[in-house]
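# Curious how this folds, go ahead:
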Amino acid sequence: MDNDKDKLKIFRKGGIMEKIKEKEKGIPFNLENEIDYADGSVVSKTLLNSLAGTVTLFSFDAGQGLSEHTAPFDAMVQLLDGEAKITIGGNPQKVVTGDMLIMPANVPHALMAEKPFKMLLIMIRGKQE
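Numbers count the residues shown, from 1 in each chain. Purely as a prediction, here's the structure:
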């Protein structure tokens, strides 16, 4: 449950509804319950944002996705619910609840919701090999 110490900002960024919420540290929470689906939309919620990296939750309604792009750092994705197609370097992969994968830095990737899905994205900023 939210408390007075939590801060919440909601704004639209590139067609994505994004929530930035500073979670109170040291208090347990359930990832899947931290983000809801929105009809015809992609929702993101940043849980941690520091110089070291970011931890972001996403929910995608069926048929929604992120177009091909690159990121300057490796990113690890864990599917919390649903089913998606994640294409990395032109190679599509079906991922389902419980699957994890690493998207390598500077390699084009895209995501498409085959069914509504939720994922956790962890990006650690640092020196690449």
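# Give the residue spans of the chain that score low on pLDDT.
Regions of the chain meeting the criterion pLDDT under 70 cover residues 1-23, 128-129.
# Run through the strands of it in chain order.
Taking DSSP state E as the criterion, the chain carries its strands at 7-13, 16-22, 42-50, 53-60, 65-69, 75-81, 83-88, 91-96, 100-103, 109-113, 117-124.
# Save the ones you listed as CSV, and put in mean neighbour count too.
For glycine as for every other residue, the C-beta is placed from the backbone atoms N, C-alpha and C. Formatted as CSV, the strands of the chain follow (neighbours: other C-beta atoms under 10 Å):
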stretch, mean neighbour count
strand 7-13, 10
strand 16-22, 16
strand 42-50, 17
strand 53-60, 20
strand 65-69, 13
strand 75-81, 18
strand 83-88, 18
strand 91-96, 12
strand 100-103, 14
strand 109-113, 20
strand 117-124, 20
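# Of those strands, which is nearest Asn30?
strand 75-81 (9.6 Å; C-beta to C-beta).
# Can you get me the centre-to-centre distance for that closest one and its chain?
Relative to the centre of its chain, strand 75-81 is centred 7 Å away, using C-alpha atoms, centre = their mean, to the nearest Å.
# What distance do you get for His109 to Leu121?
Distance, His109 to Leu121, by C-beta to C-beta, to the nearest Å: 11 Å.
# sorry, back to before: would JSON lines of the strands of the chain with distance to Ile35 be doable?
Output for the strands of the chain, formatted as JSON lines (distance: least, C-beta to C-beta, whole Å):
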{"stretch": "strand 7-13", "distance to Ile35": "12"}
{"stretch": "strand 16-22", "distance to Ile35": "8"}
{"stretch": "strand 42-50", "distance to Ile35": "5"}
{"stretch": "strand 53-60", "distance to Ile35": "4"}
{"stretch": "strand 65-69", "distance to Ile35": "16"}
{"stretch": "strand 75-81", "distance to Ile35": "9"}
{"stretch": "strand 83-88", "distance to Ile35": "15"}
{"stretch": "strand 91-96", "distance to Ile35": "17"}
{"stretch": "strand 100-103", "distance to Ile35": "18"}
{"stretch": "strand 109-113", "distance to Ile35": "14"}
{"stretch": "strand 117-124", "distance to Ile35": "6"}
